[in-house]
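*Asks:* pasting the structure only:
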């Protein structure tokens, strides 16, 4: 089983959207028994809060079920548990490094790296643009699904 943790600043917008999108794609591609997906925050600001209403609205608009979720903070222990720890932007990666003390096993990625891009996924908390965030997350998750499918063949 491949264990994936999506990480963003507050765990209510981007990482929860990625968790729901990836879970939906895993079902569509018959991989739901091959991967385990979760999400977390690098900060404590939103701990216990549900997904942002903009994330929920966008996912409902495109017909993707929203994973029941309350924001949690990433911990040092997560590094031992997950195979892929995927941040949404460079700032997330720096904070992930701080939380776990580094990335000696090379588990950290920015989501769009799987699509061959070094771009950050903009935080809709600040931009208000959940459509753009969704499109970028779909691009990264689709490329990641392709990677998993190639590994399992």
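*Replies:* Here it is on my side, so go on. Values in this document were obtained by computation on a predicted structure and should not be read as measured data.

*Asks:* and residue 7, that one's in a strand?
*Replies:* Yes: going by DSSP: H, G, I helix; E, B strand; the rest coil, the assignment for residue 7 places it inside a strand.

*Asks:* what pLDDT does the model give it?
*Replies:* At residue 7, the model reports a pLDDT of 98.

*Asks:* which residues does it form beta bridges with?
*Replies:* Here residue 7 sits in beta bridges with residue 40, residue 87, as judged by DSSP bridges.

*Asks:* any idea how many residues pack against it?
*Replies:* Residues near residue 7, counting by other C-beta atoms under 10 Å, number 29. Heads up, the C-betas are built off the backbone N, CA and C, glycines and all.

*Asks:* so it sits against residue 89, correct?
*Replies:* No: using C-beta atoms under 8 Å, residue 7 is not in contact with residue 89, being 9.9 Å away.

*Asks:* can you list the weak-confidence ranges in the protein?
*Replies:* Applying pLDDT under 70 to the chain flags residues 153.

*Asks:* tell me which stretches of this structure form helices.
*Replies:* Assigned by DSSP state H, the helices in the chain fall at 14-28, 53-61, 78-81, 90-100, 124-127, 130-152.

*Asks:* who are the neighbours of the third one, in terms of helices and strands?
*Replies:* Helices and strands touching helix 78-81, as assessed by 3 or more C-beta pairs under 8 Å, 6 or more residues apart in numbering; DSSP states H and E, comprise strand 2-8.

*Asks:* for the strand it packs on, buried residues please.
*Replies:* 2, 4-8 (16 or more other C-beta atoms under 10 Å).
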